[in-house]
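[1] predicted structure and sequence below. I'll ask about it afterward.
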Amino acid sequence: MSLSVEFSILILQWYRKKRRYFPWRTTKCAYKVWLSEVILQQTRTSQGLSYYTKFTDTFPTINDLALTKEEKVLKLWQGLGYYSRARNLHATAKHIHYNLNGVFPKNYKSLIKLKGIGPYTAAAISSICFNEKRAAVDGNVYRILARVFDIHTAINSTIGIKTFQEHADSLISETEPGDYNQGLMDLGATICTPKNPNCNNCPLSS
């Protein structure tokens, strides 16, 4: 068995047993997954959960969000900070509603063109919702890969970004990229933490 296959199998097996349950993980709706990703940028999951619920209750579909006034979006966003996220959210919803017939783009190359969607978010949405084989690389993934593969390259350098992305792309599951990406997110958040990682319970310790 190759290293990449073994790595992805270990992540998927662990995720099936230990996954955290959130409302956005019960759906493949790109709008709701996108909404959760935007809210959770710069925000703890415990805090973001209530905002996700408020937004999905108030705007059940992306068209509902597109047709409301920006003032209402910003009011609902109060307390989360980084208000450019809310403005980009609304702008992208309007773009999808008016220019794309309300249909969310279904692949990374189209998603990355949307306002407020970067490489990580585009990869997360395309893998989770559309099963596209795209590695979503965030701080959690940088940390896991650096520790497991003993990489010391600075993550904010051009070579570092390229090195980590190539590693992540080589390891991702061929068949379940969405669950694999979410498994790495959970592993970084609960086991491979920045301080005092719980290495004894890490599925990758072997």
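    Looks like it arrived, so ask away. Everything quoted here is computed from the prediction, not taken from an experiment. Numbering: from 1, shown residues only.

[2] in this protein, which spans are helices?
    3-18, 30-40, 45-58, 62-66, 70-77, 84-99, 108-111, 119-130, 139-148, 158-171, 177-190 (DSSP state H).

[3] list the contacts for residue 38?
    By CB atoms under 8 Å, 6 or more residues apart in numbering, residue 38 lies in contact with 85, 88, 89, 116, 121. C-beta here means a position set from N, CA and C on the backbone, and glycine is covered the same way.

[4] most neighbours of all those residues, which one?
    Within the contacts of residue 38, most neighbours by other CB atoms under 10 Å means residue 89, with 24 neighbours.

[5] can you pull the contacts of it?
    Applying CB under 8 Å, 6+ apart, the residues near residue 89 are 35, 38, 65, 73, 116.

[6] now render the helices of the chain as CSV, adding mean pLDDT and distance to residue 200.
    CSV is the format used below for the helices of the chain (pLDDT from 0 to 100; distance: least, CB to CB, whole Å):
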stretch, mean pLDDT, distance to residue 200
helix 3-18, 92, 14
helix 30-40, 96, 28
helix 45-58, 94, 24
helix 62-66, 97, 43
helix 70-77, 96, 40
helix 84-99, 96, 37
helix 108-111, 97, 36
helix 119-130, 96, 29
helix 139-148, 94, 14
helix 158-171, 91, 22
helix 177-190, 96, 13
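
[7] now for those, which one comes closest to residue 199?
    helix 139-148 (8.7 Å; CB to CB).

[8] find the nearest non-adjacent residue to the spatially most central residue of the chain, please.
    The chain has residue 124 as the residue nearest its centroid, 4.2 Å off, counting by CA atoms, centre = their mean. Once flanking residues are discounted, residue 124 sits nearest to residue 136: 4.3 Å by CB to CB, 6 or more residues apart in numbering.
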